[in-house]
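Colleague: What follows is a predicted structure for the sequence shown.
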Amino acid sequence: MSETAPVITIDGPGGVGKGTISRLIACRLGWHLLDSGALYRVTALAALKQGVDFSDIAAVTQVASTLDVVFEPGNSEVRVMLAGADVSAEIRTEACGELASRVATISAVRQALLARQRAFRVAPGLVADGRDMGTVVFPDAELKIYLTASAEERAKRRHKQLIDKGVSVNLTRLLEDIVERDERDMSREVAPLKPAEDAVLVDTTTLSIDEVVTQVSDLWNKVS
Ligand code: C5P
């Protein structure tokens, strides 16, 4: 075990259930949680609110490096505050996810968010959810998980999640968006979405949330 607090990284494509699984594992262990996607989403939202041109790399990077964001742990969900305003719902829209995946292709933006992400690694431990947690942000993590599921299954899960929140969406359109966003995340030059060499792959297509949580917990018990 390293001298710093232990980290479990949970990476994988959109809609695979990383957020839910990470939250449950963090809760079970009593650890901190990093939702790195939220940082990219907040960057995109802040840039939008400031009227920044998304093709202006320097301007978007400036937004990322001066981001006034606070994660406030609540009873069941973490509240995301941007410049004192609760943007938790606003950052979850598909449009914001789409813009987040565009700003996430900018190397300087990723660099600007790096220290902020690493600062989450405090005792007793951290569960880090994202795309490059195991490959770039925490390459020395004690346990690296890479979750997968078919695109159809992920679209169905995202659909249910949005419907439960009262957002009406078209399943076919959602599937197209997911495939397009995966493609962008996997083919970008910086920190592309891919499993770390030492990651454990868990295909969740036919697994329930509980089954995935149990598998990850068992894996952690083996390495800890
Ligand atoms: O996970 P979530 O859907 O909230 O992430 C939104 C977008 O942020 C992703 O599509 C991806 O492009 C980007 N992202 C990233 N690296 C991370 C987390 C998210 O590039 N560690």
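Modeller: Looks like it arrived, so ask away. Numbers count the residues shown, from 1 in each chain.
Colleague: can we go C-alpha only for contacts and neighbour counts from here?
Modeller: Fine.
Colleague: how far does stretch 134-143 stretch from start to finish?
Modeller: This stretch, stretch 134-143, spans 9 Å end to end (C-alpha to C-alpha, to the nearest Å).
Colleague: Scan this protein for its longest helix.
Modeller: When the chain is scanned for its longest helix (criterion: DSSP state H), the result is helix 171-187.
Colleague: What residues of the following helix or strand past it count as buried?
Modeller: Counting by DSSP states H and E, the next helix or strand C-terminal to helix 171-187 is strand 200-203. Residues 200, 202 are the ones in strand 200-203 that count as buried (16 or more other C-alpha atoms under 10 Å).
Colleague: Strand 200-203 pairs with which strands?
Modeller: Sheet pairing of strand 200-203 (DSSP bridges) gives strand 143-148 (parallel).
Colleague: Run the chain-centre distance for the strand it pairs with.
Modeller: 12 Å (C-alpha atoms, centre = their mean, to the nearest Å).
Colleague: That strand: what's the following helix or strand?
Modeller: The helix or strand immediately downstream of strand 143-148 is helix 151-164, counting by DSSP H and E.
Colleague: ok, and what's touching the longest helix of the chain?
Modeller: 13-15, 98, 101, 105, 151-152, 154-156, 158-159, 192-194 (C-alpha atoms under 8 Å, 6 or more residues apart in numbering).
Colleague: What residues of that helix count as buried?
Modeller: By 16+ other C-alpha under 10 Å, the buried positions in helix 171-187 come out as 171, 174-175, 177-179, 181-182, 184-185.
Colleague: just stretch 83-92 next, same as before
Modeller: For stretch 83-92, the buried set under the neighbour-count rule, 16+ other C-alpha under 10 Å, comprises 86-88, 91.
Colleague: Next, the distance between the ends of it.
Modeller: In stretch 83-92, first residue to last residue: 17 Å (C-alpha to C-alpha).
Colleague: where does this protein come near the ligand, residue by residue?
Modeller: The chain comes close to the ligand at residues 14, 36-38, 40-41, 97, 100-101, 104, 130-133, 181, 185, as judged by C-alpha under 6 Å from any ligand atom.
Colleague: In strands, which of these fall?
Modeller: Counted as lying in strands by DSSP state E, out of those, are G130.
Colleague: hmm, back to that, let's have the buried residues of helix 171-187 in TSV, adding distance to K144.
Modeller: As requested, the buried residues of helix 171-187 are exported to TSV (distance: C-alpha to C-alpha, whole Å):
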residue	distance to K144
L171	31
L174	28
L175	27
D177	27
I178	23
V179	24
R181	22
D182	20
R184	22
D185	19
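Colleague: I'd like the residues you listed as CSV, with pLDDT and distance to S208 appended.
Modeller: Below are the buried residues of helix 171-187 laid out as CSV (pLDDT from 0 to 100; distance: C-alpha to C-alpha, whole Å):
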residue, pLDDT, distance to S208
L171, 93, 21
L174, 91, 21
L175, 94, 20
D177, 90, 24
I178, 91, 21
V179, 92, 22
R181, 88, 24
D182, 91, 22
R184, 89, 28
D185, 90, 25
